[in-house]
Structure formats: structure tokens, C-alpha cells
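>>> one predicted model, sequence on top.
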Amino acid sequence: MKKISLFLILIVTMVATHASLEVQKVADNVYALVGETTQRSPSNFGNNSTHGVIVTKEGVILIDSGASYLGAKELHQAVQTITDQPIKIVINTGGQDHRWLGNDYFQQLGARIIASTKTQADQKTRADYHLTRLGSLIGKSLDGTNPVFATEVFDEKMNLKLGKVDLELLHFGAAHTVGDIIIWMPSTSTMFAGDAVFNDRMLGVGPARDIHSWISVFEKMAEFKPKHIVPGHGHISNLSVATKNTYDYLTFLKTEISKILDNDGDMLEASKIDQTEFHFLSGHQDIAGKNAQWVFETMEFDY
Ligand SMILES: [Zn+2]
């Protein structure tokens with residue numbers, strides 16, 4: 001009996017320390033670290049998100065630093081399975097916890113921390129909220145987390161170079177959060193879309209709750225005709241898969257809510273929209289109804 005429980009403890013510990021980041025190769029020297037698409041939990045350190053890694057001769061660019069100090073450490077360990085190069089630059093693509101609460105860890109390693117001006121403001125506004133919420137979701141896995149805001153900011157566009165890699169950082173408007181950016185890497189035709197693209201799981205229209213802006217951000221991103229998309233959540237994909245998982249869902253909500261508003265319908269009708277067409281996206285049970293209500297609230301003002 002003792003032996004069995006010791007064995008079980010060993011398994012549990014192994015699961016906790018080898019939390020669930022899958023390394024996916026995108027192109028030469030470009031990778032995605034794909035976290036769970038479920039809720040933040042003690043074993044995923046809040047990293048229920050996807051992150052980008054670009055390896056150059058002068059060091060690594062990491063896209064999004066994780067939801068906690070330990071989550072950042074986990075990302076670092078995953079990067080070390082790819083390369084020995086140090087992490088020189090961290091980019092926060094948005095203001096959601098898993099995009100930036102690991103900044104402290106990487107700043108201590110000497111990394112520059114870059115975000116849009118609006119994301120930096122969002123970080124300052126919502127830091128306490130994120131810490132409280134994460135405290136209840138991940139418990140002790142939040143230990144050591146200290147919010148460090150981005151130290152280099154830009155309004156709409158920034159060109160970044162490291163090694164021989166050129167990147168364009170672009171803020172086209174709010175998507176999932178108010179300061180979301182997308183990152184274009186022309187040499188590999190890769191778009192690091194941050195939370196402008198959700199694959200595998202259903203997106204949340206909040207916190208920005210600006211569906212018109214998100215649709216327009218997606219359209220501007222699509223104009224680049226990226227071959228590869230590293231999303232904010234889920235696995236890497238091409239543009240047509242990202243369109244199906246994110247853009248088609250956003251436009252579906254917009255169309256359905258417009259119909260309700262045209263007929264003087266109310267919020268209750270909005271919450272009853274049939275969304276089965278998108279039930280292939282995980283987590284729809286928790287978020288689909290809220291999305292419809294948020295879009296209704298926003299679009300009601302336009303009518
Ligand atoms: Zn997110």
C-alpha cells in the first residue's frame with residue numbers, strides 16, 4: 001500500500017513539474033510553445049496560452065512571458081530544450097495575464113520588455129485584478145510573481161531587429177484586449193497573432209468587448225497573407241484555419257446579434273442564439289452565452 005501511494009505521489013509530482021507546454025516547430029528557428037486550452041490551473045502555472053520563440057545568432061526573442069514567475073520559468077525551460085541562446089527580448093502582445101506576468105523573471109535575466117503603449121497602461125490598470133484572480137485559480141503556483149510592466153513602448157508600429165531577424169510590431173486596435181498587437185516576421189511569412197487569434201478553443205469577446213475592432217484587426221492581419229500563424233491560444237495553423245476558428249465566429253456573432261436588434265429583440269434572445277456550428281471549439285460551454293451577451297451590450301449602443 002505504501003509503495004503504491006509513493007508511486008502515485010511521484011506521478012503527481014512529475015505531472016506538476018513537467019506541465020503541459022508542447023513545442024511546435026513553425027519554421028527554421030521559429031517555434032510555438034503551446035499551453036493547455038483549459039482554464040488556468042496550479043499545474044499549468046496560468047499558462048493556458050500559446051507563446052512564440054524566435055532563435056537568432058544574437059539571442060532569443062520570446063513572445064509573451066507567461067502568467068506567473070513559475071510560469072515564466074517553465075517557458076524558459078521549454079526554450080532551453082530548443083536552444084542554449086539567452087532570452088534577449090520579451091514582447092507582450094496584450095494585457096492578459098499570461099502575456100506579461102512573467103516579465104519580472106526575464107527582466108532579471110537581462111531581457112528588454114516591449115509592448116504597445118495601450119498594453120502597458122492595461123498592465124498597470126489590471127495588475128491587481130489579475131493577481132487576485134490567479135491567486136484563486138493557481139494558488140501556490142503564483143508564488144514569487146511580481147508585476148513588472150513593459151519598459152519599451154510604441155503607439156502603432158515598431159520595427160525590431162535582433163541577429164539577422166526583422167520584425168514588425170503592429171497595433172491596429174483592440175482585439176481581445178485594448179492594446180493587442182500582432183507581430184509580422186516577413187522572412188518566414190509568420191504572424192504571431194497573440195490574442196487576435198484563438199485556435200482550438202472558443203475565444204472570449206471580453207475584456208475589450210469591441211467586436212468591430214477585433215474583426216478589423218483580423219482583416220488587416222489577413223492582408224499580410226501569412227503562411228504560418230502562431231495564435232494566442234491553441235496550435236499553430238494557416239490563415240484559413242485561423243479564419244474558421246476566430247474570424248468566422250466573430251462575424252457570426254455580429255450577424256446574429258444584428259438580426260436580433262433589427263427585430264427589437266432583447267438580451268435574453270441573444271443568450272439563446274444557436275452556436276452549435278462552433279461547438280468544435282473547446283470551452284464553448286463556459287463562454288458562448290457570455291460572448292453573445294457582451295456583443296449584444298456593445299451593439300445595442302450602435303442602434
Ligand atoms: Zn489569452
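That came in fine, so what should we check first?
>>> what about the strands in this protein?
Applying DSSP state E to the chain gives strands spanning 22-27, 30-34, 50-56, 59-63, 87-91, 112-116, 152-154, 157-162, 165-170, 182-185, 190-198, 228-233.
>>> touching the second one from outside, list them.
Contacts made with strand 30-34 from outside it, assessed by Cβ atoms under 8 Å, 6 or more residues apart in numbering, are listed as 21-26, 50-55, 75, 78-79, 82, 185, 188, 190, 228, 230, 234-236. For the C-beta atoms, the positions are set from N, CA and C on the backbone; glycine is no exception.
>>> sorry, back to before: how about the strands of the chain in CSV, adding mean neighbour count and mean pLDDT?
Conversion of the strands of the chain to CSV gives the following (neighbours: other Cβ atoms under 10 Å; pLDDT from 0 to 100):
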stretch, mean neighbour count, mean pLDDT
strand 22-27, 14, 97
strand 30-34, 24, 97
strand 50-56, 25, 98
strand 59-63, 24, 98
strand 87-91, 25, 98
strand 112-116, 24, 98
strand 152-154, 16, 98
strand 157-162, 14, 98
strand 165-170, 18, 98
strand 182-185, 22, 98
strand 190-198, 29, 98
strand 228-233, 28, 98
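>>> tell me which of these approaches residue 217 most closely.
Closest approach to residue 217 among the strands of the chain (Cβ to Cβ): strand 190-198, 5.3 Å.
>>> paired strands for that closest one, with orientation please.
The sheet places strand 190-198 alongside strand 182-185 (antiparallel), strand 228-233 (parallel), with pairing taken from DSSP bridges.
>>> got the angle between that strand and strand 165-170?
In terms of direction (axes from the mean of the first three to the mean of the last three Cα atoms, to 10 degrees), strand 190-198 departs from strand 165-170 by 30 degrees.
>>> how about the strands of the chain in CSV, adding distance to the ion?
Formatted as CSV, the entries for these read as follows, by distance: least, Cβ to the ion, whole Å:
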stretch, distance to the ion
strand 22-27, 17
strand 30-34, 13
strand 50-56, 9
strand 59-63, 13
strand 87-91, 15
strand 112-116, 14
strand 152-154, 20
strand 157-162, 21
strand 165-170, 18
strand 182-185, 14
strand 190-198, 5
strand 228-233, 5
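>>> what's the closest of those to residue 267?
Nearest to residue 267 among those is strand 190-198 (24.0 Å), distances taken as Cβ to Cβ.
>>> quick one: that closest one to strand 22-27, angle?
Strand 190-198 runs at 130 degrees relative to strand 22-27, counting by the same axes, to 10 degrees.
>>> how far off strand 50-56 does strand 190-198 point, in degrees?
Compare the direction of strand 190-198 with that of strand 50-56 by the same axes, to 10 degrees and you get 170 degrees.
>>> contact residues of the stretch 101-250 of the chain facing the ion?
Within the stretch 101-250 of the chain, the positions near the ion by Cβ under 5 Å from the ion are 195, 232.
>>> could you measure from residue 269 over to residue 198?
Applying Cβ to Cβ, to the nearest Å, the value for residue 269 to residue 198 is 25 Å.
>>> burial check on residue 277, number of neighbours?
A count of nearby residues for residue 277, using other Cβ atoms under 10 Å, gives 10.
>>> quick one, phi psi at the residue lying closest to residue 65 once chain neighbours are set aside?
What sits nearest to residue 65 in space, not counting adjacent residues and going by Cβ to Cβ, 6 or more residues apart in numbering, is residue 102, at 3.5 Å. Phi and psi for residue 102, reported as degrees, to the nearest 10, are phi -90, psi 0.
>>> list the contacts of residue 102.
The neighbourhood of residue 102, defined by Cβ under 8 Å, 6+ apart, consists of 65, 66, 67, 68, 69, 71, 72, 73, 75, 145.
>>> reformat the residues you listed as a markdown table; add pLDDT and neighbour count.
Shown next, in a markdown table, are the contacts of residue 102 (pLDDT from 0 to 100; neighbours: other Cβ atoms under 10 Å):
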| residue | pLDDT | neighbour count |
| --- | --- | --- |
| 65 | 98 | 31 |
| 66 | 97 | 33 |
| 67 | 96 | 32 |
| 68 | 96 | 30 |
| 69 | 97 | 22 |
| 71 | 96 | 32 |
| 72 | 97 | 30 |
| 73 | 97 | 16 |
| 75 | 97 | 29 |
| 145 | 96 | 27 |
